[in-house]
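# fold the following.
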Amino acid sequence: LLGPNDVNEGVLYMAFLAVLGLHPLAPASFAVENVDHGLNPLLAKHLMTTFTQRILSSSVKRQAFLTTHNPLVLDGLPLQDERVRLFTVDRDNRGQSIIRRFVVTEKHREMAQKGWTLSRMWINKLIGGVPDV
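Below you'll find the predicted structure:
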């Protein structure tokens, strides 16, 4: 048996998310900050794909609020499903947070057909949520 001291933080986060997504007594609504913590980018993308599939297909209705700074996490989100929402957070010149829902437009669909992933759009400042540094 593996204990918490035998695995890295990323594995513990994945186990935590699995419990939240699978356990019948898990809360109906929950939030996880930096959901990709301790995971390599491709594993984080795969985790989002698997996690959202599980949440969306479950007979138990759940609502998850997840944050990330990892662009590849976005590529694991099925945004074509209306139940999945993506929000970006920006700051104005006074330091106030501005939260916007990202809605896939025809322009985004055309870019996707040309090979642009959502993560690429994000890091190129095409969907918001990236500060000017």
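
# so where's the chain shaky on pLDDT?
2, 4 (pLDDT under 70).

# check which element follows the longest helix along it along the chain.
In the chain, taking DSSP state H as the definition, the longest helix is helix 41-57. Downstream of helix 41-57, the next assigned helix or strand under DSSP states H and E is strand 63-66.

# hmm, back to that, contacts for the longest helix of the chain next, please.
With contact meaning CB atoms under 8 Å, 6 or more residues apart in numbering, helix 41-57 is reached by 10, 14, 17, 21-22, 35-36, 39, 62, 64, 68, 70-78, 81, 83-84. For the C-beta atoms, the positions are set from N, CA and C on the backbone; glycine is no exception.

# so who does Pro71 touch?
Pro41, Leu118, Ser119, Arg120, Trp122, Ile123.

# and the gap between the last one and Gln53?
With distances defined as CB to CB, to the nearest Å, the gap from Ile123 to Gln53 amounts to 25 Å.

# ok, now the first one?
To Gln53, Pro41 is 19 Å away according to CB to CB.

# can you check the third one too?
Using CB to CB, one gets 19 Å for the distance from Ser119 to Gln53.

# quick one: which of the two has more around it?
Ser119 (18 against 14; other CB atoms under 10 Å).

# right, and the more buried one touches Leu72 too?
Yes. With contact defined as CB atoms under 8 Å, Ser119 counts as touching Leu72 (5.2 Å).

# all helices of this protein, in order?
So, for the chain - with DSSP H - the helices run 9-22, 41-57, 71-75, 106-113, 118-123.

# closest one to Asn93 among those?
Closest to Asn93 of these is helix 118-123 (CB to CB; 21.4 Å).

# packing partners of that closest one?
In terms of contacts (3 or more CB pairs under 8 Å, 6 or more residues apart in numbering; DSSP states H and E), helix 118-123 is packed against helix 71-75, helix 106-113.

# nearest to Gly129, of these?
The closest of the helices and strands packed on helix 118-123 to Gly129 is helix 71-75. By CB to CB, the value is 9.6 Å.

# export the closest one to PDB, keeping only CA atoms.
Taking Å, rounded to 0.1, in the frame of the first residue of the first chain, the C-alpha atoms of helix 71-75 are listed here in PDB:
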ATOM      1  CA  PRO A  71      -2.900  26.500 -20.300                       C
ATOM      2  CA  LEU A  72      -3.200  22.800 -21.100                       C
ATOM      3  CA  VAL A  73      -5.900  22.300 -18.500                       C
ATOM      4  CA  LEU A  74      -8.200  24.300 -20.900                       C
ATOM      5  CA  ASP A  75      -7.600  21.800 -23.700                       C
END
